[in-house]
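> A predicted structure for the sequence below; I have some questions about it.
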Amino acid sequence: MLFLSLALGVWAQALATANPDATSLTISTPAAVMEIDTGKIKGAPHRLAWSPDATELYFQTMRRDRSGNPQIEHYILNIASRTVKGASQEPPWAAKYWAWKSAQAAPAASGVKIAVESKEQLVKSTATPMGGALARGDPGAAAGGSAAGSGLSVDEATAAANQMQKVTTYTLRLKGEELGVWTNEPVVPGLTFGWAPVRLGVVAFVNRSGRVVVMDPDGRKQELSSSQDALLPAWTDDGTRLGYLQTARKKLTLYIAAVAVR
């Protein structure tokens, strides 16, 4: 009986260590490690993946040509030398990393899954003057014209209807939290969130304020208050560091925070 109690105690401790409370993590103030001149790269940030030894990060950008086809560019960020070098392709380790980092379900628990919501609505592509012809002083509408009393002529109503366009919005949610929103464009998994490795069992995501938030499967959260305009949160394979890009008009800055379990 004593052996069983000890075994259960060890098991519970191991489970708690593998899936800690997000608020129990000690996360240092993110430090700026290196800058990327956006004038020297092509495309927008698309992927960020740590190498197994955490000495480099693979950085991928994407742009579209005139026909709308995606054009992918590859770069390697070296932490020690703080350099950005072009690459011919995505390293095998980066593809493996991205598969679990950007998955719909948590690496540690397939039941912890990001929900994908879609919504379609019609919106005006061009604003119509409020009040229509009546507001502009057209006496025809007030005198019993085709749109009398409404302040909007038939021609204007038809034009307004023709200016409506369908907008499709995709939202990623986990535990009621919004992990990312895309309007009239494909969802990019991992762009606004990143799962931590199995030993941590948490997720980092960028909220509407542009700050990085760490959340566990129970919905407990810890916000990195000094982060801003963040993108591509990414954990090292051992979960001891969390990196992300801070976006600006002419540069991207790589920030890294140290992470420990209290």
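Received the coordinates, thanks. Numbers count the residues shown, from 1 in each chain.
> which residues does residue 82 contact?
When contacts are counted by Cβ atoms under 8 Å, 6 or more residues apart in numbering, residue 82 is found next to 33, 34. Any C-beta I mention is one placed from the backbone N, CA and C, and that applies to glycine too.
> That one and residue 89, how far apart?
Here the criterion is Cβ to Cβ, to the nearest Å. By it, residue 82 lies 23 Å from residue 89.
> likewise residue 175?
Counting by Cβ to Cβ, the separation of residue 175 from residue 89 is 36 Å.
> Out of these two, name the residue with the larger neighbour count.
residue 175 (16 against 9; other Cβ atoms under 10 Å).
> That one contacts residue 205, doesn't it?
No: using Cβ atoms under 8 Å, residue 175 is not in contact with residue 205, being 10.6 Å away.
> what sits in contact with each of these two?
With Cβ under 8 Å, 6+ apart, residue 175 and residue 205 have common neighbours residue 215.
> Need the pLDDT of residue 166.
The score at residue 166 is 88. That number is its pLDDT.
> So it, which state does it fall into?
Local secondary structure at residue 166 is given as strand here, using DSSP: H, G, I helix; E, B strand; the rest coil.
> Tell me how many other residues crowd it.
By the criterion of other Cβ under 10 Å, residue 166 has 9 neighbours.
> Quickly note the distance from the residue most central in space within the chain to residue 170.
For the chain, residue 192 is the residue whose C-alpha lies nearest the centre (Cα atoms, centre = their mean; 1.2 Å). To residue 170, residue 192 is 12 Å away according to Cβ to Cβ.
> which residues in the stretch 101-250 of the chain form helices?
Secondary structure of the stretch 101-250 of the chain (DSSP state H, counting those that start in this stretch): helices at 132-135, 139-142, 154-162.
> Among these, show the one with the smallest mean pLDDT.
Comparing those by mean pLDDT, the weakest confidence falls on helix 132-135, with a mean of 37.
> low-scoring stretches of the chain, by residue?
Applying pLDDT under 70 to the predicted model, the residue ranges of the chain that meet it are 1-19, 125-162.
> now the strands for the stretch 51-200 of the chain?
56-64, 70-78, 83-87, 105-106, 109-113, 115-124, 164-174, 177-183, 193-195 (DSSP state E, counting those that start in this stretch).
> just those: most buried one?
With neighbours defined by mean count of other Cβ atoms under 10 Å, none of the strands of the stretch 51-200 of the chain is more surrounded on average than strand 193-195, at a mean of 26.
> quick one: it to chain centroid distance?
In terms of Cα atoms, centre = their mean, to the nearest Å, the gap separating the centre of strand 193-195 from the centre of its chain is 8 Å.
> Counting by contacts, list what that strand packs against.
For strand 193-195, the elements it packs on are helix 92-101, strand 203-206, strand 230-235, judged by 3 or more Cβ pairs under 8 Å, 6 or more residues apart in numbering; DSSP states H and E.
> Now do the end-to-end distance for stretch 48-57.
Counting by Cα to Cα, to the nearest Å, you get 7 Å between the two ends of stretch 48-57.
> Domain map for the protein?
Following automatic domain parsing, one finds the domains of the chain at 19-123+172-261, 127-161.
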